[in-house]
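*Asks:* next comes the sequence, and after it the predicted model I'd like to discuss.
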Amino acid sequence: MDQILGTIGSAIGSVLDNPVIKFGFQIVAIYWAILWLAAAYWAFRDMQLRSENPIAPYLSAAFVIAFTPLLFPLAVFAYRIVRPQERIGEIYERNLAEEAMLAEIEAVRHCPTCDRTVHSEWIICPTCRTRLNRVCPNCSKLVGLDWSLCAWCGRDFERPEIVATSTISSSARQALGAGEATAAVRSAIRPADTRPTRSRSGDSLAES
C-alpha cells in the first residue's frame, strides 16, 4: 500500500515539476490576482455611481481587498447585498419623472371654488358658476381675470377706481362746459336786448 501511495506521489510530483504545468499555475495565479484587483476597482467605481459620500468608494474597495485573493468572491457577493440598490443617475431620472408628472397635474386647470377640472377656454365654471376668464373688449379674445392688459392686442385694462374718477372728471368738464356756454349765450344776448331799449328811449325823447 505504501508502495502504491509512493508511486502516486512520485507521479504527481513529476507532473507538478513539469515546467509547462508550473507555468500554467503561474498564469492562473496571476489571472486570479488581476481578477481580485479588478473586483476591488469595480466595487470602487460602482459605489461612486451609487453614493455621493466621497469615502464610501474607498471603503468598498478596501473591503474587497481585505478578503485576500482566496476569498474575494465572498466579498463581492456581500458587497452586492449591502450596496445601494439605485444609482445616482437613476434616482435623478426618477425625480425628474416625478417632477414632470407633478407639473402635468398642476397644468390641469381647476376651478378655484369647487376644485373641479375646467377647460382653459371656459369663461364660467358650469358647476359653481365661478367666473374663470373674461373677454377682451378690443380683440374679443379670452384673458385672465388678473391680467392688467391683453397679451394679444395690448389693450390696457383700466381699474374701476380710475374709470370712476375719469367718469366724474368728464361729467364735471361737461357741466363746466355747459355753464361756460350758458354764460357766453347770456353775455351775447344782453347787449342785443339793451341796445334796442336805449334806441327806443332816445327816439321817444326826440319825439317829445
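*Replies:* In hand now; what should we look at?
*Asks:* mean confidence score for whatever helix or strand Phe25 lives in?
*Replies:* Per DSSP states H and E: Phe25 is located in helix 19-50. The average of the pLDDT scores along helix 19-50 is 91.
*Asks:* so what does it touch, helix or strand wise?
*Replies:* Applying 3 or more CB pairs under 8 Å, 6 or more residues apart in numbering; DSSP states H and E, one finds that helix 19-50 contacts helix 56-66, helix 68-82, helix 88-107. No exception for glycine: its C-beta is placed from N, CA and C like everyone else's.
*Asks:* most packed of the ones you listed?
*Replies:* Ranked by mean neighbour count, those are led by helix 56-66 with a mean of 17 (mean count of other CB atoms under 10 Å).
*Asks:* list the contacts of that one.
*Replies:* With contact meaning CB atoms under 8 Å, 6 or more residues apart in numbering, helix 56-66 is reached by 36-37, 39-41, 43-48, 51, 72, 75-76, 78-79, 83.
*Asks:* and the angle for it with helix 68-82?
*Replies:* Interaxial angle of helix 56-66 relative to helix 68-82 (axes from the mean of the first three to the mean of the last three CA atoms, to 10 degrees): 140 degrees.
*Asks:* just the CA atoms of stretch 84-104, as PDB, please.
*Replies:* Extracted C-alpha coordinates of stretch 84-104, given in PDB (Å, rounded to 0.1, in the frame of the first residue of the first chain):
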ATOM      1  CA  PRO A  84     -27.500  50.900  -2.600                       C
ATOM      2  CA  GLN A  85     -30.000  49.400  -5.000                       C
ATOM      3  CA  GLU A  86     -30.300  52.600  -7.200                       C
ATOM      4  CA  ARG A  87     -27.600  54.600  -8.900                       C
ATOM      5  CA  ILE A  88     -27.500  58.400  -8.500                       C
ATOM      6  CA  GLY A  89     -28.400  58.800 -12.200                       C
ATOM      7  CA  GLU A  90     -31.500  56.500 -11.700                       C
ATOM      8  CA  ILE A  91     -32.600  58.500  -8.700                       C
ATOM      9  CA  TYR A  92     -32.100  61.700 -10.600                       C
ATOM     10  CA  GLU A  93     -34.200  60.400 -13.500                       C
ATOM     11  CA  ARG A  94     -36.900  59.200 -11.200                       C
ATOM     12  CA  ASN A  95     -37.000  62.600  -9.500                       C
ATOM     13  CA  LEU A  96     -37.300  64.300 -12.900                       C
ATOM     14  CA  ALA A  97     -40.100  62.000 -13.900                       C
ATOM     15  CA  GLU A  98     -42.000  62.700 -10.700                       C
ATOM     16  CA  GLU A  99     -41.500  66.500 -11.100                       C
ATOM     17  CA  ALA A 100     -42.700  66.200 -14.700                       C
ATOM     18  CA  MET A 101     -45.800  64.300 -13.500                       C
ATOM     19  CA  LEU A 102     -46.500  66.900 -10.900                       C
ATOM     20  CA  ALA A 103     -46.100  69.700 -13.400                       C
ATOM     21  CA  GLU A 104     -48.600  67.900 -15.700                       C
END
